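> model this:
(2 chains)
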Amino acid sequence: MSTVPQVGRVIPIRRPELLVFSAIYKEWFRTVYRWVRALGGPQSDAEDWTQEVFVVVQRRLPDFDGQNLAGWLYRIAANTVSDQRRRAWFRNIFMRPRDVELESFGGEGDIVRRQEQADFYRLVEKMNKKWRNTFVLFEVMGHSGEEIADLENLPPATVRTHLHRARKEFLALLAEET
Amino acid sequence: MERLCDHRSDDETVLGAAARLARAVEIEEPRFGLQQRIASALAETRRVQTGARHFYLRPAFALIALLSLGAVAAAMTGAAKVWPRLKAAISQRAPHSSPRRVSSVSKSVPTETVIVPSPVVPPPPAIKRPVMAAPPERALIALDPAAALVAPVPATKTTLVDDPAFVETATPRRTTSPTPTPTTTTSGGAVSAPVVALKQEKPEAVQKRLAAAPEEAIMVVQATRALHEEHDPKRAAHLLENYLQRFPDGDLVEESLALLIEAKSERDDASAAKVASEYLERFPFGRFRQVAERAKERFSK
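Coordinates of the predicted model:
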């Protein structure tokens, strides 16, 4: 199975009222879960957040215009992750942030890898919000520029510009730390 | 553009470090059974939401049903109470034409009224009547101007009493006058007004209606009280003359002239003949024609 099975096939649905939630859920669950995990980072509660995404999908499906299903789902996922991270930020004011769950890792290699994941997302957190998600979709999810343009409803040239600036910023942030 | 994870240099440069970090980030697949577990949770959420919507609709439907039942019950009860009275009122008003102002003042109070026509005054002739003469319905209602205001047009039950014996028993209920008699010439020559006998009239109700009456009616009522209850014909004559001066074409001119004739007759005032002449001139076929003729005959000698 491909990593991004439906993304990039923006075909308007002629009769969106015939869309069935169960079919959307079955086809898009894995992709949405991966979006949530990629955008939220290793400390995200991806399972609960994915459920939140599909609750919203279930509620708003009658209003969907059928133009871009992948982009519609992605926007819901991105907004859900943003909301949950904002709530997590408020929670972290009073509670200790959740650490990487080292006890579940198998060996020393896993520990190093998890630490590098945490470092990666710590730098991503510091990036400009304008191209942060674009950078994650390209670097982590492996979407092409055209696919990101469809998902974020942006021109491909803008996506390329965002990717260029995002990488420049990421390297600058990494250079500062080292 | 090449992805960072595809950059294969493991050097110590910033780009190499970034590539290492990017390669470390791998998005794992969802756990086994997670998709089914979330699907079950979503189905439960949908069921709860639907049930919750019905839960809030239930009291609304119950409230609507209760209100409807209450409205139907109130309508049935109200109709059962109101319909007989409405039917009686319609049957009473059907033969009458447009009401005059005097009767409209008092028609709203549903009290039982006994109207006693004068045994002396014959019914008016059926020939053509002048414009100023009272219409037939007014003759029935406003035999006495004061009573016309105090006693309402009967909304439910009206009893015409022709039996003189009943008049003698019914009349003292209405007035404290020691000798309330029907229209007739007394032994001393004084002329008394026709009498309307009232039943079960409460003073506060009378005061309430008087407060709502027009000024001209109040003046006539005061004059009537002064003449019949206070036995002060002088004050009554003064009030009636004031009324006739202020409202020369008022609705109660005929009654005022008749009362003025009575007041002046009680005082043996010869000017009663002048007032009687005026009455006969304005109301040649008026209800108090015989009273005026007797007064004119008495004081012209």
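> okay, residue 19: pLDDT?
Using chain A here. pLDDT, residue A:19: 73.
> other chain: chain B
With respect to pLDDT, residue B:19 scores 88.
> got the CA positions of the helix or strand harbouring residue A:32 in CSV?
Using DSSP states H and E, the element containing residue A:32 is helix A:21-40. The C-alpha trace of helix A:21-40 is given here as CSV (Å, rounded to 0.1, in the frame of the first residue of the first chain):
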residue,chain,number,x,y,z
PHE,A,21,-19.0,8.3,6.2
SER,A,22,-18.1,4.6,6.7
ALA,A,23,-16.5,4.5,3.2
ILE,A,24,-14.5,7.7,3.9
TYR,A,25,-13.4,6.4,7.2
LYS,A,26,-12.4,3.0,5.8
GLU,A,27,-10.4,4.6,3.0
TRP,A,28,-8.9,7.6,4.7
PHE,A,29,-8.3,6.5,8.3
ARG,A,30,-4.6,5.5,7.9
THR,A,31,-3.7,8.7,6.0
VAL,A,32,-5.5,10.9,8.5
TYR,A,33,-3.8,9.1,11.3
ARG,A,34,-0.4,9.7,9.8
TRP,A,35,-1.2,13.4,9.1
VAL,A,36,-2.1,13.8,12.8
ARG,A,37,1.0,12.0,13.9
ALA,A,38,3.2,14.0,11.6
LEU,A,39,1.8,17.3,12.4
GLY,A,40,1.4,16.6,16.1
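> in the stretch 201-301 of chain B, which segments are predicted with low confidence?
B:201-213, B:301 (pLDDT under 70).
> Can you name the residues that contact residue A:130?
Each residue near residue A:130 by C-beta atoms under 8 Å, 6 or more residues apart in numbering or on different chains is listed here: residue A:162. All C-beta spots, glycine's among them, are computed from the backbone N, C-alpha and C.
> do you know how far it is from residue A:158?
Here residue A:130 is placed at a distance of 10 Å from residue A:158 (C-beta to C-beta, to the nearest Å).
> Ok, residue A:176 next?
27 Å.
> the more surrounded of the two?
Shown here are residue A:176 and residue A:158; by other C-beta atoms under 10 Å in any protein chain shown, residue A:158 has more neighbours (15 against 10).
> my guess is residue B:240 meets residue B:258, correct?
No - look at residue B:240 against residue B:258 with C-beta atoms under 8 Å: they stay out of range, at 9.5 Å.
> buried residues in stretch B:278-287?
B:278-280, B:283, B:286-287 (16 or more other C-beta atoms under 10 Å in any protein chain shown).
> Which of the residues you listed fall in helices?
If you go by DSSP state H, the buried residues of stretch B:278-287 have B:278-280 in helices.
> would you list those in TSV and tack on distance to chain A?
TSV is the format used below for those (distance: C-beta to the nearest C-beta, whole Å):
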residue	distance to chain A
B:278	90
B:279	88
B:280	92
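> just to confirm, which helix or strand has residue A:157 in it?
helix A:156-177.
> what are the C-alpha coordinates of that helix, in PDB please?
Coordinates of the C-alpha atoms in helix A:156-177 are reproduced here as PDB (Å, rounded to 0.1, in the frame of the first residue of the first chain):
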ATOM      1  CA  PRO A 156       2.500  25.100  -6.400                       C
ATOM      2  CA  ALA A 157       4.900  28.000  -6.700                       C
ATOM      3  CA  THR A 158       3.900  29.200  -3.200                       C
ATOM      4  CA  VAL A 159       4.400  25.800  -1.900                       C
ATOM      5  CA  ARG A 160       7.900  25.700  -3.400                       C
ATOM      6  CA  THR A 161       8.700  29.100  -1.900                       C
ATOM      7  CA  HIS A 162       7.500  27.900   1.500                       C
ATOM      8  CA  LEU A 163       9.500  24.800   1.300                       C
ATOM      9  CA  HIS A 164      12.700  26.700   0.400                       C
ATOM     10  CA  ARG A 165      12.200  29.200   3.300                       C
ATOM     11  CA  ALA A 166      11.300  26.400   5.700                       C
ATOM     12  CA  ARG A 167      14.400  24.400   5.000                       C
ATOM     13  CA  LYS A 168      16.500  27.600   5.400                       C
ATOM     14  CA  GLU A 169      14.900  28.300   8.700                       C
ATOM     15  CA  PHE A 170      15.300  24.800   9.900                       C
ATOM     16  CA  LEU A 171      18.900  24.700   9.200                       C
ATOM     17  CA  ALA A 172      19.400  28.000  10.800                       C
ATOM     18  CA  LEU A 173      17.700  26.800  14.000                       C
ATOM     19  CA  LEU A 174      19.800  23.600  14.000                       C
ATOM     20  CA  ALA A 175      22.900  25.600  13.500                       C
ATOM     21  CA  GLU A 176      22.100  27.800  16.500                       C
ATOM     22  CA  GLU A 177      21.700  24.700  18.700                       C
END
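> mean confidence score for it?
The pLDDT scores in helix A:156-177 average 93.
> just checking, what packs against it?
Other helices and strands packing on helix A:156-177, by 3 or more C-beta pairs under 8 Å, 6 or more residues apart in numbering or on different chains; DSSP states H and E, are helix A:108-126, helix A:129-139, helix A:145-152, helix B:14-24.
> how about TSV for these, with distance to residue A:71 added?
Formatted as TSV, those follow (distance: least, C-beta to C-beta, whole Å):
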stretch	distance to residue A:71
helix A:108-126	22
helix A:129-139	12
helix A:145-152	5
helix B:14-24	25
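> what's the closest of these to residue A:40?
helix A:108-126 (8.7 Å; C-beta to C-beta).
> any idea of the pLDDT on the closest residue to chain B within chain A?
Closest residue of chain A to chain B, C-beta to the nearest C-beta: residue A:116 (3.5 Å). Looking at residue A:116, its pLDDT is 85.
> That one contacts residue B:20, correct?
Yes - between residue A:116 and residue B:20 a contact is recorded at 6.5 Å, counting by C-beta under 8 Å.
> Report the contact partners of residue B:21.
A:116-117, A:119-120, A:123, A:174, B:4.
> what does the stretch 1-150 of chain B put close to chain A?
Contact residues (C-beta under 8 Å from any C-beta of the partner chain) of the stretch 1-150 of chain B with chain A: B:1, B:3-5, B:14-15, B:17-18, B:20-22, B:24-25, B:27-31, B:34-35, B:38-39, B:41-42, B:45-46.
> And the buried ones among these, selectable in PyMOL?
A single PyMOL command selects the buried members of the residues of the stretch 1-150 of chain B next to chain A (16+ other C-beta under 10 Å):
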select buried, chain B and resi 4+5+14+17+18+20+21+22+24+25+27+30+34+35+38+39+42
